[in-house]
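>>> Provided below are the primary sequence and the corresponding predicted coordinates.
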Amino acid sequence: MTTTIKDLGEIELLNRLKRFMRTGQIDDDLAEINIMNKGLLINTDLLVEKIHFSDEISNAKDIGWKCITTNISDLICSGSENIISFTVGLVLPPNTHWEWVENLYEGMMEAMQEFGGEIIGGDCSCGETKMISITAIGEMSPPRLHRGNALPGDYIVSTGFHGLSRLGLALLTSEQLPTEVQISPELTNRAIKAHKRPQPAVKALKALIECKPESTSWRAAGTDSSDGLIESIRGICQSSNCQAVLSKTSILKYPDWPKDSIWDKWILNGGEDYELILTLPKEWAEALSKKLKYAQIIGFIKEGKPNIFWENLEPINLEDSNQYQHF
């Protein structure tokens, strides 16, 4: 007989979840973190079933992995190398199977074993729709990447490929592709993995720190491309009150990516790729592009009212970004 959350009740549910945490960690209604003389970065993400995740395309372990890694990405793109801990809030319908919850936490643990951190508590409640709230805590250290740190003259750097997660979603949901093309098995596997098991840009942050020229300060602007490449650059322009000029020929395309230009929209606006998007002084940007295999200088920052242009000064229509709107 399959055990549901209603069968377990709250006390037994919490008792079972204790094995994913240190002994005694959730015996109180709060969590304790002992950090001496260190700044912390804190991020909270709320994921709602049928909006951010679906059992129809991802199993519970993959959902757990994605819950943790997307939060880690937010810490990394702010400059945090040391991931400390997570709290997990759950809203579950009473007929949710315990096995689903167990697998969710197993996926979280897999991600933490690879990238760091531990679960230190959370909360559980009953509701009609599954919801997962993750609060991630990391240590603040140089460089403190911030969308508002860009200055005219900075180079814009992307640390990897875009469009893969969007293609993976389309393949998983049997969505009609932009054009009728044959997707190679290698690209298919890479795209599905990118969507179901995203990888935060840990190596990119380490490379950024290691290659900083001594002659430059730690000032750098950064975000991740969770909302899409163009949207991430728009966010930097808005926060830094500047303009971006991009080179079409410099934006990476994954090998075997369809050549029809209509597919470029998924590269520019697809979202959930979790690469670092940075603006850096010229010397630092050039050093990073040499050190990190897929780091690419894709444009530069200039003065002006927030906007994004191609290098021929053709404006990029941000209204065509197809970014997901919550409300």
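Looks like it came in fine.
>>> where does the prediction get shaky in this structure?
Regions of the chain meeting the criterion pLDDT under 70 cover residues 25-34, 318-327.
>>> how about the helices in it?
Ranges of helices within the chain are 5-17, 60-76, 98-115, 164-172, 185-196, 202-210, 229-240, 264-269, 282-291, based on DSSP state H.
>>> which one of those helices is the most hemmed in?
helix 60-76 (a mean of 24; mean count of other CB atoms under 10 Å). Just so you know, the C-beta spots here come from the backbone N, C-alpha and C atoms, and that holds for glycine as well.
>>> now it and helix 185-196, what's the angle there?
Angle of helix 60-76 versus helix 185-196, following axes from the mean of the first three to the mean of the last three CA atoms, to 10 degrees, is 70 degrees.
>>> using PDB, write out every CA atom in helix 60-76.
Provided in PDB are the C-alpha atoms of helix 60-76 (Å, rounded to 0.1, in the frame of the first residue of the first chain):
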ATOM      1  CA  ALA A  60      10.900  14.100  -7.900                       C
ATOM      2  CA  LYS A  61      14.700  13.700  -7.700                       C
ATOM      3  CA  ASP A  62      15.200  16.000 -10.700                       C
ATOM      4  CA  ILE A  63      12.900  18.500  -9.100                       C
ATOM      5  CA  GLY A  64      14.800  18.400  -5.900                       C
ATOM      6  CA  TRP A  65      18.100  18.800  -7.700                       C
ATOM      7  CA  LYS A  66      16.700  21.800  -9.600                       C
ATOM      8  CA  CYS A  67      15.300  23.400  -6.500                       C
ATOM      9  CA  ILE A  68      18.800  23.500  -4.900                       C
ATOM     10  CA  THR A  69      20.900  24.300  -8.000                       C
ATOM     11  CA  THR A  70      18.800  27.200  -9.100                       C
ATOM     12  CA  ASN A  71      19.200  28.800  -5.700                       C
ATOM     13  CA  ILE A  72      22.900  28.100  -5.700                       C
ATOM     14  CA  SER A  73      23.100  29.800  -9.100                       C
ATOM     15  CA  ASP A  74      21.600  33.000  -7.500                       C
ATOM     16  CA  LEU A  75      24.300  32.900  -4.800                       C
ATOM     17  CA  ILE A  76      27.100  32.200  -7.300                       C
END
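>>> picking that back up, minimum distance to Phe309: which of the helices of the chain has it?
helix 229-240 (10.4 Å; CB to CB).
>>> how is the chain carved up into domains?
Domain segmentation of the chain under automatic domain parsing yields 8-139, 147-320.
>>> mind listing what's buried along stretch 53-61?
Phe53, Ile57, Ser58, Ala60, Lys61 (16 or more other CB atoms under 10 Å).
>>> which outside residues touch it?
The contact list for stretch 53-61 (CB atoms under 8 Å, 6 or more residues apart in numbering) reads 47, 49, 63, 66, 99-104, 106-107, 110, 132, 169, 172-173, 196.
>>> so how far is Leu8 from Asn43?
Using CB to CB, to the nearest Å, Asn43 is found at 30 Å from Leu8.
>>> an error on my part: the question was meant for Glu139.
Distance, Glu139 to Leu8, using CB to CB: 36 Å.
>>> now render the domains of the chain as a markdown table, adding distance to Met1.
Below are the domains of the chain laid out as a markdown table (distance: least, CB to CB, whole Å):
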| stretch | distance to Met1 |
| --- | --- |
| domain 8-139 | 11 |
| domain 147-320 | 30 |
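>>> out of those, the one nearest Thr2 is which?
domain 8-139 (5.4 Å).
>>> the closest one spans what distance, first to last residue?
One end of domain 8-139 sits 36 Å from the other (CA to CA, to the nearest Å).
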